[in-house]
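> Compute the structure for the input listed below.
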Amino acid sequence: MSVVGKVLLGILGVAVLAGVGLWSGIRHVAGDISSHMITAAQFEGVHDGESRDAVRDRLGEPGGLQPQDKPEPPAGTTCDYYLQKGVILEKKRTFQICYRDGKVAATKALPSAEDEAAQDKGKSTESAKP
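Numbers count the residues shown, from 1 in each chain. Alright, predicted model coming up:
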């Protein structure tokens, strides 16, 4: 085999290894995100006064992606976030569950990207009216 052939074979080997590494990394991140997803029915099953441990036992640990524009949590609370599962990306909502003294104090379903786009469209049509 010529030197050029050996170099090309080496480049091909490096490209294959890089591709496998990238695929593995993407799969790991996607698996991590999906492990922190819940359905709307699971979210609706969370009730005020329920303990954080009971919620996490049922829903799993929160985490994964956090909303960029998360609302201010109610005073004196800390919040967990879960991404909605079972819907397409544009319709996914983020569920906020806030705790005070280890008990559920407030829950809120944050708007999806589709909801926000509709709100923005509505605002632009309202401002365009004479």
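
> Only alpha carbons, please: show the host helix or strand of Ala41 as PDB.
Assigned by DSSP states H and E, Ala41 belongs to helix 40-44. What follows is helix 40-44, C-alpha atoms only, in PDB (Å, rounded to 0.1, in the frame of the first residue of the first chain):
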ATOM      1  CA  ALA A  40     -49.100  16.100  31.400                       C
ATOM      2  CA  ALA A  41     -51.100  13.500  33.400                       C
ATOM      3  CA  GLN A  42     -48.200  12.900  35.700                       C
ATOM      4  CA  PHE A  43     -47.800  16.600  36.300                       C
ATOM      5  CA  GLU A  44     -51.500  17.000  37.000                       C
END
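
> For it, buried residues please.
Gln42, Phe43 (16 or more other Cβ atoms under 10 Å). C-betas here are computed from N, CA, C, even on glycine.

> Quick one: mean pLDDT for it?
What helix 40-44 shows for mean pLDDT is 95.

> what does stretch 3-18 give?
Stretch 3-18 carries an average pLDDT of 72.

> Which positions within it qualify as buried?
For stretch 3-18, using 16+ other Cβ under 10 Å, no residue counts as buried.

> Then stretch 78-86?
Cys79, Asp80, Tyr81, Tyr82, Leu83, Gln84.

> and the helix or strand following the helix holding Ala41, C-alpha only, in PDB?
Note on helix 40-44: by DSSP H and E, the next helix or strand toward the C-terminus is helix 52-59. This file holds the C-alpha atoms of helix 52-59, laid out as PDB (Å, rounded to 0.1, in the frame of the first residue of the first chain):
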ATOM      1  CA  ARG A  52     -40.700  16.500  47.600                       C
ATOM      2  CA  ASP A  53     -39.500  12.900  48.200                       C
ATOM      3  CA  ALA A  54     -43.000  11.500  47.200                       C
ATOM      4  CA  VAL A  55     -43.000  13.600  44.000                       C
ATOM      5  CA  ARG A  56     -39.500  12.600  43.000                       C
ATOM      6  CA  ASP A  57     -40.200   9.000  43.800                       C
ATOM      7  CA  ARG A  58     -43.100   9.100  41.400                       C
ATOM      8  CA  LEU A  59     -41.700  11.400  38.700                       C
END
